[in-house]
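S.K.: here is my input; please provide its structure:
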Amino acid sequence: MKILITGAAGFVGVSLSHYLINRGHEVIGIDIEDRHSRLSNSHLLNNDRYTFRRLDLVKQSINTSELCDIDVVYHLAALPHVDYSYFYPHRTITNNIESLLTVIEFACRLGKPLIFSSSVEVYGGSDKKIYIESDTLAPLSPYAASKVANEVIIKTYVETQGLRATIFRFTNLYGKWQAPDRLLPRVISQILSGEEVTVEKGTNRDFVSIEDACEVLERAAGFDHLGEVFNLSSGVQCDNYHAVEEILNIIPASSVNVIEPRTHDGRGKFLVSSPEKLSRKTGWTAKTDLKSGIFNVIEWYQSNHDWVKQFEENITSSRETDHFLTDSKLKLSYW
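M.R.: Below you'll find the model as predicted:
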């Protein structure tokens, strides 16, 4: 197949591109730029089966004449940070909705199926339950609200314009090339740099390795694309502190600071979702246990620590420019 991926320079975009190419597919990646040099450092740009196109989906349309022979579109592009969305709600919501509309317009013109990456954040996470797709959505951040709006827009186009689409609500994916401001890579990076590790206790999440996620995303290309929604998750509840303990069992930290869960920070304390619906349709389950997955990520981070440090420097610089506070310093008591 010939596959179009938006958000191609991001964590999931790079990982999915590698997976699909290794499976014999041809990939065209779209992004504003090669952010943090993921594409060049992962050698995608040198692959004969990969083509990269610079495009701002908020300001530019996708050229249908050049891409008329693609088979499926994976729309991964978004401003994906919960914290960022509080400081820049208008930018987050505008970007995430307008970029989707650009992709929908393209998919409808060509009659090609769209696979969309939503988020478990749409559930809110205020209830101590394992969420299923039919549960009431209760977003707690502008980012999560933008994903709810995205889903509504997609379903509207499916019902009225003949759009073929499938929606995945991603849980906490992890793996190589992930930004070191996310929980698992952040802790690994802190340990490798000899820094104190800070972890929040009492927050429960559901972790899936990026390799397992890519497996089912490839299968999704063959779905009926009738607007169905699927949780892409393991269904296994895991306290963030336990996940960090798995890291500490492999590479001990010099110092660990355990803090109480923050309140009113736009994140529910229990975001775990059931993969049962997806499993019934495809037979897929997350195969990689957290301990094995973390071991693989640690090995990768140890081998690519220079890239990680460069990433952190770029993030720090951009956030200082934007007056954007890092996750560990964020105070949102006014929300």
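S.K.: hang on, Y143 packs against H81?
M.R.: Yes: between Y143 and H81 there is a contact under C-beta atoms under 8 Å: 6.7 Å. The way it works is simple: take the backbone N, C-alpha and C, and place the C-beta from them, glycine included.
S.K.: the two: which is more packed in?
M.R.: Applying other C-beta atoms under 10 Å to Y143 and H81 shows that Y143 carries more neighbours, namely 26 against 18.
S.K.: contacts only, for the more buried one.
M.R.: Each residue near Y143 by C-beta atoms under 8 Å, 6 or more residues apart in numbering is listed here: 79-82, 84-85, 92, 96, 119, 121, 266.
S.K.: P113 now?
M.R.: 72-73, 107, 164-166, 221, 223, 225.
S.K.: give me the number of residues near the closest residue to G10 other than its chain neighbours?
M.R.: Spatial nearest neighbour of G10, excluding adjacent residues (C-beta to C-beta, 6 or more residues apart in numbering): L76 at 6.2 Å. Using other C-beta under 10 Å, L76 is surrounded by 25 other residues.
S.K.: you'd agree H225 is up against G111?
M.R.: No: in this structure, H225 is not within contact of G111 by C-beta under 8 Å, at 10.8 Å.
S.K.: so for the two, which sits in the more crowded spot?
M.R.: H225 (20 against 9).
S.K.: what sits against that one?
M.R.: Contacts of H225 (C-beta under 8 Å, 6+ apart): 113-115, 164-166.
S.K.: next step: those restricted to strands.
M.R.: Of the contacts of H225, the ones assigned to strands by DSSP state E are 114-115, 165-166.
S.K.: and the residues you listed, which is closest to Q60?
M.R.: Nearest to Q60 among those: L114, at 18.0 Å, using C-beta to C-beta.
S.K.: now that closest one: how far from R169?
M.R.: 15 Å (C-beta to C-beta, to the nearest Å).
S.K.: next, the buried residues of stretch 276-293.
M.R.: For stretch 276-293, a neighbour-count test (16 or more other C-beta atoms under 10 Å) marks 276-279, 282, 284, 286, 288, 290, 293 as buried.
S.K.: so can I have JSON lines of those residues showing distance to L232 and pLDDT?
M.R.: Below are the buried residues of stretch 276-293 laid out as JSON lines (distance: C-beta to C-beta, whole Å; pLDDT from 0 to 100):
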{"residue": "E276", "distance to L232": "12", "pLDDT": "97"}
{"residue": "K277", "distance to L232": "10", "pLDDT": "97"}
{"residue": "L278", "distance to L232": "7", "pLDDT": "97"}
{"residue": "S279", "distance to L232": "11", "pLDDT": "96"}
{"residue": "T282", "distance to L232": "11", "pLDDT": "94"}
{"residue": "W284", "distance to L232": "9", "pLDDT": "95"}
{"residue": "A286", "distance to L232": "9", "pLDDT": "94"}
{"residue": "T288", "distance to L232": "14", "pLDDT": "95"}
{"residue": "L290", "distance to L232": "16", "pLDDT": "93"}
{"residue": "G293", "distance to L232": "15", "pLDDT": "95"}
